[in-house]
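Q: Quick one, fold the following:
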Amino acid sequence: MSIKQSILAILAISVLTVTSPFASAEVKIAVVDVQNAILQSEEAKRLLTQIQEEFKGEEDEIRKIQSEAAALLERMNKDADVMSDSEKRRLQQQIESMNNDFVYLRQKLQRQIEERQTELFTGIDSKVQKAIEELVLSEDYDMILPRGAVLYVTDLYNITRKVTEKLNQLNAK
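A: Numbering: from 1, shown residues only. Next comes the predicted model:
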């Protein structure tokens, strides 16, 4: 052991000895996966269902284009030997056009869904904060960490389910 390590060890022991009266008090720590707690809440499930219903027509249109393009591609692969070059080009252009439409509509739908989710979930972060504060007060936690900041945690310290239950209680009020 080097002199530097020895000095650091002595300093650490000294700090522990000085703070031992404080160290005897147990620190209650928990971990929460906020995103999972939100997504498992009844309100989030309801909002996600609402979004799915809202954009069902657009999703159906995208699926229709995808299946039509797949049918054309299958036809082209199946009948390529008997098709003229101009017919192959025309079919290839149709497939490319459908693919472009598919990509454009898919990206547009994703943006719309993200915007709608942002609108609907605005304010839920304050509800999560309130749920966590209520848990801190009722269960006397000293520290609650985000799940992403911890490499490993046992289920004993994971309070995600409790936060979800608290969110459901707050929404029921």
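Q: Sketch out the low-pLDDT regions of this structure for me.
A: Residue ranges of the chain with pLDDT under 70: 1-25.
Q: 50 instead?
A: For the chain, the stretches flagged by pLDDT under 50 are 16, 20.
Q: Just want the most central residue of it.
A: Nearest to the mean C-alpha position of the chain, counting by C-alpha atoms, centre = their mean, stands Gln35 at 5.6 Å.
Q: what's near enough to touch it?
A: Taking C-beta atoms under 8 Å, 6 or more residues apart in numbering as the criterion, Gln35 is in contact with no other residue. For glycine as for every other residue, the C-beta is placed from the backbone atoms N, C-alpha and C.
Q: what's the helix or strand for it?
A: Secondary-structure assignment from DSSP states H and E places Gln35 in helix 34-39.
Q: Could I get the full set of strands for the protein?
A: Ranges of strands within the chain are 29-32, 143-146, based on DSSP state E.
Q: Is it correct that Leu167 is in contact with Asn36?
A: No. Taking C-beta atoms under 8 Å as the contact criterion, Leu167 and Asn36 are not neighbours in contact, 11.4 Å apart.
Q: Compare neighbour counts for those two and give me the winner.
A: Neighbours were counted for Leu167 and for Asn36 using other C-beta atoms under 10 Å; Leu167 has more, 23 against 15.
Q: Enumerate every residue touching the more buried one.
A: Applying C-beta under 8 Å, 6+ apart, the residues near Leu167 are 37-38, 41-43, 127-128, 131.
Q: which one is it nearest to, not counting chain neighbours?
A: Counting by C-beta to C-beta, 6 or more residues apart in numbering, the nearest residue to Leu167 once its immediate chain neighbours are dropped is Ser41, at 4.3 Å.
Q: What distance do you get for the one you found to Val150?
A: Using C-beta to C-beta, to the nearest Å, one obtains 22 Å as the distance from Ser41 to Val150.
Q: neighbouring contacts of stretch 38-50?
A: Residues beyond stretch 38-50 that count as contacts (C-beta under 8 Å, 6+ apart) turn out to be 117, 120-121, 124, 127-128, 160-161, 164, 167-168, 171.
Q: tell me the contacts of Asn77?
A: Applying C-beta under 8 Å, 6+ apart to Asn77 gives no contacts.
Q: out of the contacts of Leu167, which is most surrounded?
A: Neighbours here are counted as other C-beta under 10 Å. On that basis the top member of those is Ala131, with 25 neighbours.
Q: Next up, the contacts around that one.
A: For Ala131, the contacting residues are 37, 163, 166-167, 170, by C-beta under 8 Å, 6+ apart.
Q: Relative to Val31, how far out is it?
A: Noted for Ala131: a distance of 15 Å to Val31, by C-beta to C-beta.
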